[in-house]
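**Student:** model the following, please.
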Amino acid sequence: MDSKRSKLSLLFLPQEIIEEILSRLAVKSLLRFRCVSKSWRSLIGSERFIKTHLQNSSKNAALAHHRKILSYDSPKFVNWWEFADMVGCCNGLVCFLQKRSFFLWNPATGISNKLPEIVIENGDRTSFVYKYGFGWDESSGAYKVFAVFASRLHESMCKVYSSKTNSWKIVEDWEDDNVCGAGQFASGKLHWHYHEGTGGMNIVTFDLKSEEFGKMEVPCPCDSRVWLGVLEGRLCVFSYNKRTHFDAWVMKEDSWVKVMAVLVYEPYQSYLLFPTVFKCLEVKIGLIRGSVKWVQNLNLVKEDVLSLFDIITSSLAANIYVESLVSPVFRKKV
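**Tutor:** Predicted coordinates:
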């Protein structure tokens with residue numbers, strides 16, 4: 001009798017309590033629970049619930065919904081015999097670039113989408129994308145892909161894709177700064193590090209809201225080797241100074257704050273891995289013979305992070321995404 005009462009009590013939980021419980025579950029469980037009832041299917045697929053679930057997953061202190069992804073983890077729809085660059089991760093979506101085609105993929109749901117092709121003026125087939133980035137404009141709710149391409153026949157051209165229009169448009173005020181590769185997305189902007197002609201260093205930015213370019217100063221010495229990363233949603237600069245020191249700087253309230261300094265006794269090679277490691281401000285790093293030997297959070301040891309960096313090499317591009325229900329399939333809104 002008691003078991004029957006307990007089952008009935010579960011059935012008659014207030015709707016807000018049910019939503020609160022579901023919004024804290026893993027995506028894999030939610031995909032199964034869509035079959036429970038029509039009301040649950042409608043709830044789990046609603047825009048409001050997807051947004052709430054993403055917020056809860058992103059703020060999870062134990063990083064229970066954070067997952068690692070490597071460059072070779074590209075989805076099946078990407079041609080396996082051709083190299084694919086990982087452009088970036090945002091709100092559970094991962095962007096890949098293969099030749100001139102961009103793909104969005106949600107690894108948690110398995111849903112993927114090939115973005116509209118970039119129209120090449122005069123049918124020029126020699127063009128190639130050499131600078132790119134992926135992020136989210138919070139003010140409009142649009143996901144945007146930034147791409148600069150060049151060819152043997154034409155000068156460089158910059159275009160931006162928006163999920164609101166599901167189309168590409170030309171960015172008029174474009175100046176070629178000789179920067180290539182993927183931009184780091186933080187605080188609504190894409191960031192690339194570059195060396196100026198005079199030997200100085202700078203960071204060029206592209207604001208996804210205003211679609212305007214800007215510049216930032218680099219906090220480390222000019223003779224350092226520099227890489228950009230993202231730490232808890234903030235832009236981070238990693239510098240390797242004269243093969244003796246490894247420093248990490250984080251942008252806080254429009255100013256740079258050094259959060260770590262490590263004395264390096266061996267030539268350091270595993271550059272690509274560090275932007276992925278730093279998910280918490282208080283992190284200790286151990287370096288032995290140019291590789292990551294151990295990573296220990298001062299509050300909690302992350303076994304999954306430990307196992308990852310024991311087996312991968314510096315030649316692999318890595319990133320971290322948050323599992324979400326966000327769909328990579330967009331329709332033009334009229």
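
**Student:** let me see the ranges of the helices in the protein.
**Tutor:** In the chain, helices defined by DSSP state H lie at 2-11, 15-22, 27-33, 38-44, 47-58, 274-277, 303-311, listed in chain order.

**Student:** the second one: which residues count as buried?
**Tutor:** Residues of helix 15-22 classed as buried: 19, 22 (neighbour count, 16 or more other Cβ atoms under 10 Å). Every C-beta, even on glycine, is put in place using the N, C-alpha and C of the backbone.

**Student:** residues contacting Val211?
**Tutor:** No, residue 211 isn't Val; it's Glu. Residues near Glu211 by Cβ atoms under 8 Å, 6 or more residues apart in numbering: 160, 171.

**Student:** for the one 5 residues further on, same thing?
**Tutor:** Applying Cβ under 8 Å, 6+ apart to Met216 gives the contacts 191, 202-205.

**Student:** show me what counts as buried in stretch 323-331.
**Tutor:** Result for stretch 323-331 [16+ other Cβ under 10 Å]: buried residues 323-328, 330.

**Student:** a markdown table for those, including distance to Phe83?
**Tutor:** Shown next, in a markdown table, are the buried residues of stretch 323-331 (distance: Cβ to Cβ, whole Å):
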| residue | distance to Phe83 |
| --- | --- |
| Glu323 | 26 |
| Ser324 | 27 |
| Leu325 | 30 |
| Val326 | 26 |
| Ser327 | 27 |
| Pro328 | 21 |
| Phe330 | 26 |
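
**Student:** ranked by average pLDDT, which of the helices of the chain falls at the bottom?
**Tutor:** In terms of mean pLDDT, the lowest-scoring of the helices of the chain is helix 303-311 (a mean of 35).

**Student:** show me what Thr235 is bridged to.
**Tutor:** Let me fix one detail, which is that residue 235 is Leu and not Thr. Bridge pairing for Leu235 (DSSP bridges) gives the partners Val230.

**Student:** that one: how many residues sit nearby?
**Tutor:** By the criterion of other Cβ atoms under 10 Å, Leu235 has 22 neighbours.

**Student:** so who does it touch?
**Tutor:** 184, 186-187, 191, 203, 228-229, 250-251.

**Student:** could I have the buried ones of the residues you listed as ChimeraX selection syntax?
**Tutor:** The following ChimeraX line selects those of those that are buried, judged by 16+ other Cβ under 10 Å:
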select :184,186,191,203,228,229,250,251
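
**Student:** including pLDDT and distance to Phe96, could the contacts of Leu235 go into JSON lines?
**Tutor:** Putting the contacts of Leu235 into JSON lines (pLDDT from 0 to 100; distance: Cβ to Cβ, whole Å) gives the following:
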{"residue": "Gln184", "pLDDT": "91", "distance to Phe96": "17"}
{"residue": "Ala186", "pLDDT": "91", "distance to Phe96": "20"}
{"residue": "Ser187", "pLDDT": "91", "distance to Phe96": "24"}
{"residue": "His191", "pLDDT": "93", "distance to Phe96": "20"}
{"residue": "Ile203", "pLDDT": "90", "distance to Phe96": "24"}
{"residue": "Leu228", "pLDDT": "84", "distance to Phe96": "20"}
{"residue": "Gly229", "pLDDT": "81", "distance to Phe96": "19"}
{"residue": "Val250", "pLDDT": "86", "distance to Phe96": "28"}
{"residue": "Met251", "pLDDT": "89", "distance to Phe96": "27"}
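
**Student:** what about the contacts of Leu235, which are in strands?
**Tutor:** 184, 186, 191, 203, 228-229, 250-251 (DSSP state E).

**Student:** dump those to CSV, plus distance to Ser46.
**Tutor:** Formatted as CSV, the ones in strands among the contacts of Leu235 follow (distance: Cβ to Cβ, whole Å):
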residue, distance to Ser46
Gln184, 32
Ala186, 29
His191, 33
Ile203, 39
Leu228, 36
Gly229, 34
Val250, 35
Met251, 35
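
**Student:** fine, thanks again, bye for now.
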